[in-house]
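Novice: Fold the following.
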Amino acid sequence: MPIESVNDFVVRFANVNGSGSASANLLFARSIMRMGVPIAARNIFPSNIQGLPTWYEVRVTEAGHRGARGGVDLMVAMNPQTWDKDVASIEPGGYLFYDSSRPMPASKFRDDVVVIGMPLTDITNRTYSDPRQRQLFKNIIYVGALAALLDIEPGVVEALIAEQFRGKDKLIAPNREALHLGFDYARAHFSCPIGLRITRADAIGDRIFVEGNAAAGLGAVYGGATVCAWYPITPSTSLAEAFERYCQRLRTDPATGEKRYAIVQAEDELASIGMVIGAGWNGARAFTATSGPGISLMQEFLGLAYFAEIPSVVFNVQRGGPSTGMPTRTQQSDLLLCAYASHGDTKHVMLFPSDPKEAFGFAASAFDLADRLQTPIFVMLDLDIGMNQHLCAPFAWDDARALDRGKVMTAEELEAGRDFGRYTDVDGDGIPYRTYPGTHPTRGAFFTRGTSRDRQARYTEEGGPYVDNMERLLQKFDTARKLVPAPVVQKAAKATRLGIIHYGSTALAMDEALKTLGSQNVHVDALRVRGFPFGPEVTDFIADHEQVFVVEQNRDAQLRTLLLAECGIDPAQLVPVLHYDGTPITARFIVKAIADKAISISPPARREALS
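Specialist: Residues are numbered from 1 along each chain as shown. Take a look at the predicted model:
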């Protein structure tokens, strides 16, 4: 039987990269939101510029689920290269929409799928003579056909076209005509609507549709960043580009046109982090945006910033590894790389935003933390958050909020004879006072070194001062435990001895997975980690549960490894649930993995936790 569902289904577009389909597919997605129905969208694209397969998935979800569901209810198959794979992904009773201009053998179809063939190429060839117009307008024609098939109001799409081409008015009418070519053909030749339908709702509220990298770039502006040094690398490039766009609007003097920011596209990642550290030493708030391969190259400089105690922020938009293997796929694969980055004994602070709203807030807070702790701060995004647009709550900012510059000694304090030792802990939190270079003509810090020194920054290779410094750095790391964002706990509907720990973009699918598990009488408490080092809430959560599933998107259970290393947990208590094929983790995957593992690890005495 054909699937019938209102405001709850998955549409996937299978296209060829470089075909101009991206704007048409986004037009489709935005039209659903304009009808008041939430969506969760995912762009799956190749690492080359043109010619390889690309997919765009729109999950229609009036319930507001934020993660990928898994499976496809309507496949818009526009790429012959991936036809077999695309058809195989359709749910039984689902729908296949394709260009029927060329006949396809019966073996290429499935008996349990509703086939909707429309001669898109024939229609465009009859209507347009220019080859580029044929390709671009074919995309708009299939959007029009989908509007008819899914009962999307054509006026909504027309209004979006007018907005999209505002300032290029001559393009509005041709795109509307292409839209109606598809809409009218579908109405005349198919039974519209099909079993999948969009009906008006009021479920969007005040939420915004924004990309995580753009949100982080804006957060950096609000966090007081004035320097960005970076080297292009997927999937972090759009973060630096967003920062520049926002700086052009918000950090440019309207009267003189003077730019009050510095953005440098460096020759490589080593140069970029060097510039960031230099700017941080001189008192600027500075950052770089990169991905795992960039972090690998930055290791020695990160060690310098750690031991010299120089504020800096690193946005790591994680991708699939290894370095050149899956640059346009998502993973949470750099936790250990960043937690202990560089040589020797180092421990770094990490923040784990789960959506664009937290990307904005954590980006801004990272600069306060960097200044307060005088150390590099890693903001751990990933491709799913960074390069996809998500519906999220509006960003909030308190205009009365002041930048926290941490322990900075002023010229007046130095002149008054206040004791200054650059690496002296005066109040037990592990954080010394610093000065900006040139604060005072003769006093304060003018240079620093990454090698061993005493509390007054004097070079020494003696063991005592080295141990003293290393223990102070540990104390500072312990202070950070109280400053990073606290974890978020979700309690199950019934008391349970089973728990889940997760972080970052996994949260997008986790909320739905927890509800589904509860409906199956698998009751699990959940804790979302938002910062490292871990606070006592994390160890308390683990202690309160007999078994804790650690759900993450990498092969080697990196969060679990950190928990074992930092919290002294019995390894048997932490059960890894791992997803690492480069696609975003889905609610279906989490539900199946947790349900299967919960049953397999639970002896009869514990099965009460599952019912």
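
Novice: Nearest residue to the middle of the chain?
Specialist: Most central in the chain under Cα atoms, centre = their mean is residue 385, positioned 1.9 Å from the mean C-alpha point.

Novice: residue contacts, the closest residue to that one other than its chain neighbours?
Specialist: Using Cβ to Cβ, 6 or more residues apart in numbering and skipping the chain neighbours, the partner closest in space to residue 385 is residue 212 (3.7 Å). In this view, the C-beta of every residue, glycine as well, is placed from N, C-alpha and C. Neighbouring residues of residue 212 by Cβ atoms under 8 Å, 6 or more residues apart in numbering: 353, 355-356, 359, 381, 385-388, 390.

Novice: repeat that for 10 Å
Specialist: If you count contacts by Cβ atoms under 10 Å, 6 or more residues apart in numbering, residue 212 has them with 235, 238-239, 242, 317, 353-360, 363, 381-390, 392, 505.

Novice: Dump the one helix or strand residue 360 maps to to PDB, keeping only the CA atoms.
Specialist: According to DSSP states H and E, residue 360 maps onto helix 356-373. Output of helix 356-373 as PDB, limited to C-alpha atoms (Å, rounded to 0.1, in the frame of the first residue of the first chain):
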ATOM      1  CA  PRO A 356      23.600  26.700  15.500                       C
ATOM      2  CA  LYS A 357      22.200  28.400  18.600                       C
ATOM      3  CA  GLU A 358      24.800  26.800  20.800                       C
ATOM      4  CA  ALA A 359      27.400  27.400  18.000                       C
ATOM      5  CA  PHE A 360      26.700  31.100  18.300                       C
ATOM      6  CA  GLY A 361      26.700  31.200  22.100                       C
ATOM      7  CA  PHE A 362      29.700  28.900  22.600                       C
ATOM      8  CA  ALA A 363      31.700  30.800  20.000                       C
ATOM      9  CA  ALA A 364      31.200  34.000  21.900                       C
ATOM     10  CA  SER A 365      32.000  32.400  25.300                       C
ATOM     11  CA  ALA A 366      35.100  30.700  23.900                       C
ATOM     12  CA  PHE A 367      36.900  34.100  23.800                       C
ATOM     13  CA  ASP A 368      36.000  34.800  27.400                       C
ATOM     14  CA  LEU A 369      37.300  31.400  28.400                       C
ATOM     15  CA  ALA A 370      40.500  31.800  26.400                       C
ATOM     16  CA  ASP A 371      41.200  35.100  28.200                       C
ATOM     17  CA  ARG A 372      40.100  33.900  31.600                       C
ATOM     18  CA  LEU A 373      42.200  30.700  31.400                       C
END
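
Novice: 37 is where my numbering starts, stick with that
Specialist: Sure, I'll start numbering at 37, so the last one becomes helix 392-409.

Novice: mean confidence for it?
Specialist: Mean pLDDT, computed over helix 392-409, is 98.

Novice: And stretch 79-89, by the same measure?
Specialist: Averaged over stretch 79-89, pLDDT sits at 78.

Novice: Buried residues in it, which are they?
Specialist: 79-82, 88-89 (16 or more other Cβ atoms under 10 Å).

Novice: Could you find the closest non-adjacent residue to residue 66?
Specialist: residue 196 (5.6 Å).

Novice: which residues touch the one you found?
Specialist: Residues counted as contacts of residue 196 (Cβ under 10 Å, 6+ apart) are 62-64, 66-67, 69-70, 179, 211, 215.

Novice: one step back: immediately after the helix holding residue 396, which helix or strand?
Specialist: Per DSSP H and E, the first helix or strand lying C-terminal to helix 392-409 is strand 412-418.

Novice: circling back to that earlier point, check which helix or strand covers the residue nearest to the centre of the chain.
Specialist: Secondary structure assignment for residue 421, by DSSP H and E: helix 419-422.

Novice: other SSEs contacting the helix or strand following that helix?
Specialist: As assigned by DSSP H and E, the chain's next helix or strand after helix 419-422 is strand 425-428. Packing partners of strand 425-428 (3 or more Cβ pairs under 10 Å, 6 or more residues apart in numbering; DSSP states H and E): helix 57-70, strand 75-80, strand 244-247, helix 248-258, helix 392-409.

Novice: For strand 425-428, list the C-alpha coordinates in CSV.
Specialist: Taking Å, rounded to 0.1, in the frame of the first residue of the first chain, the C-alpha atoms of strand 425-428 are listed here in CSV:
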residue,chain,number,x,y,z
GLN,A,425,21.0,24.7,7.8
HIS,A,426,19.0,23.9,10.9
LEU,A,427,15.8,25.2,12.5
CYS,A,428,16.8,26.5,16.0
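
Novice: which residues are in contact with it?
Specialist: Looking at strand 425-428 with Cβ under 10 Å, 6+ apart, the contacting residues turn out to be 62, 65-66, 69, 74-79, 97, 100, 102-103, 239-241, 243-248, 250-251, 390-396, 420, 541, 544.

Novice: How much space separates the residue lying closest to residue 588 once chain neighbours are set aside from residue 158?
Specialist: With Cβ to Cβ, 6+ apart as the criterion, residue 588 has its nearest non-adjacent residue at 4.8 Å, and that residue is residue 595. The span separating residue 595 from residue 158 equals 53 Å under the rule Cβ to Cβ, to the nearest Å.

Novice: More neighbours: these two, which one.
Specialist: Using other Cβ atoms under 10 Å, the more surrounded residue of residue 595 and residue 158 is residue 595, with 28 against 13.

Novice: and the next element down the chain from the strand or helix carrying the more buried one?
Specialist: Per DSSP H and E: residue 595 is located in helix 594-603. Following helix 594-603 in sequence order, the next helix or strand is strand 610-614 (DSSP H and E).

Novice: Give me the angle between the helix or strand following that next one and strand 610-614.
Specialist: Going down the chain from strand 610-614, the next helix or strand is helix 623-637, by DSSP H and E. Calculated by axes from the mean of the first three to the mean of the last three Cα atoms, to 10 degrees, helix 623-637 forms an angle of 150 degrees with strand 610-614.

Novice: Now do helix 623-637: distance to the chain's middle.
Specialist: With Cα atoms, centre = their mean, to the nearest Å as the basis, helix 623-637 stands 25 Å off its chain's centre.

Novice: where in the protein is pLDDT low?
Specialist: Flagging of the chain using pLDDT under 70 yields the residue ranges 84-86, 359-361, 636-647.

Novice: ok so, going back, pick out the most distant pair among the buried residues of stretch 79-89.
Specialist: 79 and 88 (13.6 Å; Cβ to Cβ).

Novice: shared neighbours of those two, which are they?
Specialist: residue 364.
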